[in-house]
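Q: here is the input, now give the coordinates:
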Amino acid sequence: MKPKSGWQPWNSPRAGVTAALTPVPGDIATAAELTAIPVIGVNLVAFYGQFSWFHGLQDIPLVMQVVMAASLESIAVYLAYQAHVARKKGDSAFRLRLGAYLAALGIGMLNYWHWCGPGWTPTPLAIVFAVASAISPALWGVYSNRESRDALKAQDLIEGHAVRLGPSRWFWHPLRSVMVQSMASWAGENRPAAAIALYEQRRAGRAARKGGSRYARKGRRDAGVTAVPAVTAEKPSPVPASRNRETASGVVPGRAARTTGLVAASAHEAEVVLRLVTAGRPFPSIRKLAASDFGGSIRASDRVLKLAAARMNGGGHDHAGRA
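A: Sure thing, here's the model as predicted:
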């Protein structure tokens, strides 16, 4: 069907400009081919240097001159190309690239020797031909990196570039910028805003953990000076009549002093007294109690055992817990 004449959306000037600016696969391929021009150019220059020197030798046929120059300059190119293929397939290319560099340096020295002055004196032609031979695999490596990087990145086999912070951040906050760069590099985050948010989040988390531990330590210190629980206000357990030494006034001798001592004791000692009274006899030895509850303090253990015994017998002395 023949399209109608006249104005159509695809015939507008804006549509033509948009189509011209939109890259197509053919344009990308053309750009990739254009980037290979320096690679081909330096190889042609190096080949001409070798061929011109061989051409000056009258006893070598022309065909062999071309073959010898092409063979010498193709060694490094062949190794660099094989390294390029290996990288595109995800294989190791280190040895191939190393061989290409060494071969290129050797051929470059040969080209320099052909055109240098007496005593290896540098000349413009010697430098040009030597550099053209030596730099060929390096240019192939750049081209190979660009070609293989896109394929490897599409397969998630390599990482993208690291986060890039602005110069003002590096100038005003150099230490913080280093920390952001370090965290973002390890986390694989290359967006500046997200990398900074990641750093601030981890910084806030560390501050919260430090603050929580500080408050916990403060709470434990405060707990050491809390009031003694109302253990002493409880009515003592009944005791046999033979051991009841209450006076006619109903006051047990020594009870007031021992009650005062219990109130003055620390909260930890009061808890141990309550535990001993609840568990009943026999009490543990002084040394065992000191080792388990008072860090080896015999004096504190003796005091706690006396207070517990006073609670059990209504205020009397009991040294059964001595070791």
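Q: with adjacent residues omitted, what lies nearest to Met49?
A: If you look again at residue 49, you'll see it is Gly, not Met. Nearest non-adjacent residue to Gly49, counting by Cβ to Cβ, 6 or more residues apart in numbering: Phe129, 3.2 Å away. From N, CA and C alone the C-beta is placed, and that goes for glycine too.
Q: what sits against that neighbour?
A: Phe129 is in contact with 45-46, 48-50, 108, 111-112, 114-115, counting by Cβ atoms under 8 Å, 6 or more residues apart in numbering.
Q: can you check Val272 too?
A: Shown in contact with Val272 (Cβ under 8 Å, 6+ apart): 289, 293, 304, 308.
Q: does the last one touch Leu276 like I think?
A: So that's Ala308. Yes - the criterion here is Cβ atoms under 8 Å, and Ala308 meets it with Leu276 at 4.0 Å.
Q: name the residues contacting each of those two.
A: Common neighbours of Ala308 and Leu276, counting by Cβ under 8 Å, 6+ apart, are Phe283.
Q: neighbour count for those two, which is higher?
A: A direct count of neighbours by other Cβ atoms under 10 Å for Ala308 and Leu276 places Ala308 higher, at 26 against 22.
Q: which pLDDT does the model give the more buried one?
A: On the pLDDT scale, Ala308 is placed at 83.
Q: where does this structure have low pLDDT?
A: Along the chain, the model assigns pLDDT under 70 to residues 1-36, 157, 212-265, 314-323.
Q: element containing the closest residue in space to Asp293 that isn't next to it in sequence, please.
A: Excluding the flanking residues, the one nearest Asp293 by Cβ to Cβ, 6+ apart is Val272, at 5.4 Å. Assigned by DSSP states H and E, Val272 belongs to helix 267-279.
Q: next SSE downstream of that helix?
A: Assigned by DSSP H and E, the successor of helix 267-279 is helix 286-293.
Q: buried residues in whichever helix or strand comes after that following helix?
A: The helix or strand immediately downstream of helix 286-293 is helix 298-313, counting by DSSP H and E. By 16 or more other Cβ atoms under 10 Å, the buried positions in helix 298-313 come out as 300-313.
Q: so which other helices or strands are in contact with helix 298-313?
A: Helices and strands touching helix 298-313, by 3 or more Cβ pairs under 8 Å, 6 or more residues apart in numbering; DSSP states H and E, are helix 255-264, helix 267-279, helix 286-293.
Q: what segments of the stretch 1-150 of the chain are helices?
A: In the stretch 1-150 of the chain, the segments counted as helices under DSSP state H, counting those that start in this stretch are 13-21, 25-35, 37-55, 62-88, 94-115, 124-154.
Q: closest to His173 out of the ones you listed?
A: When the helices of the stretch 1-150 of the chain are compared by Cβ to Cβ, helix 124-154 sits nearest His173, at 30.9 Å.
Q: ok, then the element right after that closest one?
A: helix 167-172.
Q: which residues touch the following helix or strand past that following helix?
A: Note on helix 167-172: by DSSP H and E, the next helix or strand toward the C-terminus is helix 174-187. Helix 174-187 is contacted from outside by 162-163, 165, 169-170, 189-190, 194-196, 198-199, 202, using Cβ under 8 Å, 6+ apart.
Q: which parts of helix 174-187 are buried?
A: For helix 174-187, the neighbour count (16+ other Cβ under 10 Å) marks 176-177, 180-181, 183-184 as buried.
Q: of those residues, closest to Thr123?
A: Closest approach between the buried residues of helix 174-187 and Thr123, by Cβ to Cβ: Gln181, at 47.6 Å.
Q: the protein - how does it break down into domains?
A: The chain breaks down by automatic domain parsing into domains covering 35-154, 160-206, 221-239+251-323.
Q: and Gln155, how far from Ile135?
A: As judged by Cβ to Cβ, to the nearest Å, Gln155 and Ile135 stand 30 Å apart.
Q: just Glu147 next, same as before
A: Distance from Glu147 to Ile135, by Cβ to Cβ: 18 Å.
Q: more neighbours: which of these two?
A: It is Ile135, of Glu147 and Ile135, that has more neighbours when counted by other Cβ under 10 Å, with 19 against 16.
Q: list the contacts for the nearest residue to the more buried one once chain neighbours are set aside?
A: Once flanking residues are discounted, Ile135 sits nearest to Val42: 5.8 Å by Cβ to Cβ, 6+ apart. Going by Cβ under 8 Å, 6+ apart, Val42 touches 132, 135-136, 139.
Q: isn't Gly141 up against Leu98?
A: No - using Cβ under 8 Å, Gly141 is not in contact with Leu98; the gap is 10.9 Å.
Q: which one of those two has more residues nearby?
A: Remark: of Gly141 and Leu98, Gly141 carries more neighbours, 19 against 13, as counted by other Cβ under 10 Å.
Q: how about that one: what's its closest non-neighbour residue?
A: The shortest distance from Gly141 to any non-neighbouring residue, by Cβ to Cβ, 6+ apart, is to Arg97 (6.2 Å).
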